[in-house]
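Visitor: have a look at this prediction, sequence included:
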Number of protein chains: 2
Amino acid sequence: MTNALDGFDVKLLAALQNNAALTNAELGEVIGLSASQVSRRRQKLEEAGIIRRYRAALDPEALGLMVTAYVGVTLGAHSRENARKFRNMVTAMPEVQEAHTLTGDVDYMLKIVVPDLKALSHIINDELLPQEAVHHVRSSIAMETLKDDNLLPLK
Amino acid sequence: MTNALDGFDVKLLAALQNNAALTNAELGEVIGLSASQVSRRRQKLEEAGIIRRYRAALDPEALGLMVTAYVGVTLGAHSRENARKFRNMVTAMPEVQEAHTLTGDVDYMLKIVVPDLKALSHIINDELLPQEAVHHVRSSIAMETLKDDNLLPLK
DNA sequence: TAAGATGATGCACGAAACATGCGAGATAAT
DNA sequence: ATTATCTCGCATGTTTCGTGCATCATCTTA
């Protein structure tokens, strides 16, 4: 069982994460393969979990989501229970697009997208800060987005 | 010309950003509309630019991309020319998934995805820091990812 | 080196999904 | 009440997809 990705696979993945609306024939034209082979390779990549899902990328501003912010959260007493609560809350919040635990003095980094500053303020002051575990919150608003494609670099 | 999104549109967008592989018939079943209507509304949403593109979401770890880091960059002398160079460089780097200018003391926030710490070190020390404009770089490695779907919150 | 096995490829064809014309129904304005 | 506008589902022609099959390349083993 050879599961290594060859050049075709890498090209295919690159094409698909750029534009998943292309037909197998068009993809084949781009990477130099027949449509049927594209179909087969695609299926394998999906089954292997390398292709996780297909998604429509929406325009935030067209939907009235004007504010993106990065919020660093520092927990106080690192009690297991409070931390668990915090994580559950954060992952359940639709405004939170990304949430990571970090090295260094800031424990969590959240990427938040909301319609306006009022909504951001509400999240920080009425949802995050009241949490028992939360000790300190530092938010920074994204003024200009230079890049936001989340495309993975394929060697 | 009425361009307001109704409930159907919102439901459709929500479904599509979760799973763009659904057929129009399946989508119609979910939101309570016929396949043909789904097709038409979809076309409109695409033409209006609300649906930007369709993308395959890949598994970073399956591709050997094990390290995600947030890198805050502070510029020194804010000369127009140096800043421009920095921005061009950053947007051209495939490892940079997101790049925003921020409010506060940190000028830029970069989200970087690379295979390993060596690659991260290389980017910071050999690509970012040598830039004339760059005064200070502070990087924080994401240890655990709680959420990374980048789904927009649809009211 | 020969021979067998494994896997990848393009072609062809049946099945599935899509796009669109059309008439019916609903809503709003005159 | 009537006309105009818009949205709807149905039906149908077209495109796209998935898979069986024979061929070709590569690798293994004797």
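Guide: Good, I have the coordinates. Everything numeric here is computed off the predicted structure, so don't read it as measured data.

Visitor: domains in chain A, as residue ranges please.
Guide: A:7-47, A:61-142 (automatic domain parsing).

Visitor: out of those domains, nearest to DNA strand D?
Guide: With CB to the nearest atom of the strand as the criterion, DNA strand D lies closest to domain A:7-47 of those, at 3.2 Å. Where you see a C-beta, it was placed from the backbone N, CA and C, and this is true even at glycine.

Visitor: could you tell me the end-to-end distance of that closest one?
Guide: 19 Å (CA to CA, to the nearest Å).

Visitor: can you confirm residue A:145 is in a strand?
Guide: Yes. Assessed by DSSP: H, G, I helix; E, B strand; the rest coil, residue A:145 belongs to a strand.

Visitor: these two touch, right, it and residue A:68?
Guide: Yes. Residue A:145 lies in contact with residue A:68 (CB atoms under 8 Å); the separation is 6.9 Å.

Visitor: distance of the spatially most central residue of chain A relative to DNA strand C?
Guide: In chain A, the C-alpha nearest the mean C-alpha coordinate belongs to residue A:98, at 5.6 Å (CA atoms, centre = their mean). Going from residue A:98 to DNA strand C by CB to the nearest atom of the strand, to the nearest Å gives 29 Å.

Visitor: can you classify that residue by secondary structure?
Guide: strand.

Visitor: what sits against it?
Guide: Applying CB atoms under 8 Å, 6 or more residues apart in numbering or on different chains to residue A:98 gives the contacts A:109, A:110, A:111, B:145, B:147, B:148, B:149, B:150.

Visitor: how about residue A:14?
Guide: Residue A:14 neighbours (CB under 8 Å, 6+ apart): residue A:154.

Visitor: what are the phi and psi angles of it?
Guide: Main-chain dihedrals, residue A:14, degrees, to the nearest 10: phi -60, psi -40.

Visitor: and it, how close does it get to DNA strand C?
Guide: As judged by CB to the nearest atom of the strand, residue A:14 and DNA strand C stand 16 Å apart.

Visitor: related to what we said a few turns ago, drop anything exposed from the contacts of residue A:98.
Guide: With burial judged by 16 or more other CB atoms under 10 Å in any protein chain shown, the buried subset of the contacts of residue A:98 is A:109, A:110, A:111, B:147, B:148, B:149, B:150.

Visitor: intersect these with the contacts of DNA strand C.
Guide: For DNA strand C, no contacts are drawn from the buried ones among the contacts of residue A:98 by CB under 7 Å from any atom of the strand.

Visitor: ok, back up a step: format the contacts of residue A:98 as JSON lines; extra columns: secondary structure and pLDDT.
Guide: Shown next, in JSON lines, are the contacts of residue A:98 (DSSP: H, G, I helix; E, B strand; the rest coil; pLDDT from 0 to 100):
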{"residue": "A:109", "secondary structure": "strand", "pLDDT": "97"}
{"residue": "A:110", "secondary structure": "strand", "pLDDT": "98"}
{"residue": "A:111", "secondary structure": "strand", "pLDDT": "98"}
{"residue": "B:145", "secondary structure": "strand", "pLDDT": "97"}
{"residue": "B:147", "secondary structure": "strand", "pLDDT": "97"}
{"residue": "B:148", "secondary structure": "strand", "pLDDT": "96"}
{"residue": "B:149", "secondary structure": "coil", "pLDDT": "95"}
{"residue": "B:150", "secondary structure": "coil", "pLDDT": "96"}
